[in-house]
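What follows is a predicted structure for the sequence shown.
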Amino acid sequence: MIPPADIAAIAGMLRERDVMVLSDEIYSQLYYGAEAPASIASFPGMQEKTIILDGFSKTYAMTGWRLATA
């Protein structure tokens, strides 16, 4: 897990640049400990610049299942 302070530093560098972030958060619901992993989209100015890749197959132990839209 990347420490929240490091993600905040990355967000600070990217906030003023014309760049999009693709954040793979497929395992975001599977963590051990009291603190959930931080998403870069939760930092100021980053929600509009972030595309989150997520799913439900890992979270609900349904690996191999697929859901798609056309």
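Yep, that arrived. In this text, all values refer to a predicted model and were calculated from it rather than measured experimentally. Numbering: from 1, shown residues only.

Going along the chain, name the strands of the chain.
For the chain, strands defined by DSSP state E occupy the ranges 21-24, 50-53.

Can you say which of these is nearest to Met62?
strand 50-53 (16.7 Å; C-beta to C-beta). No exception for glycine: its C-beta is placed from N, CA and C like everyone else's.

Sheet partners, orientation included, of the closest one?
strand 21-24 (parallel) (DSSP bridges).

so Leu30 touches Thr59, yeah?
Yes - in this structure Leu30 lies within contact range of Thr59 using C-beta atoms under 8 Å: 6.7 Å.

And the two? Which one has more around it.
Thr59 (13 against 10; other C-beta atoms under 10 Å).

what sits against the more buried one?
Going by C-beta atoms under 8 Å, 6 or more residues apart in numbering, Thr59 touches 29-30.

What's the separation between it and Gln29?
4 Å (C-beta to C-beta, to the nearest Å).

low-scoring stretches of this protein, by residue?
67, 70 (pLDDT under 70).

What ranges does it have for its helices?
4-15 (DSSP state H).
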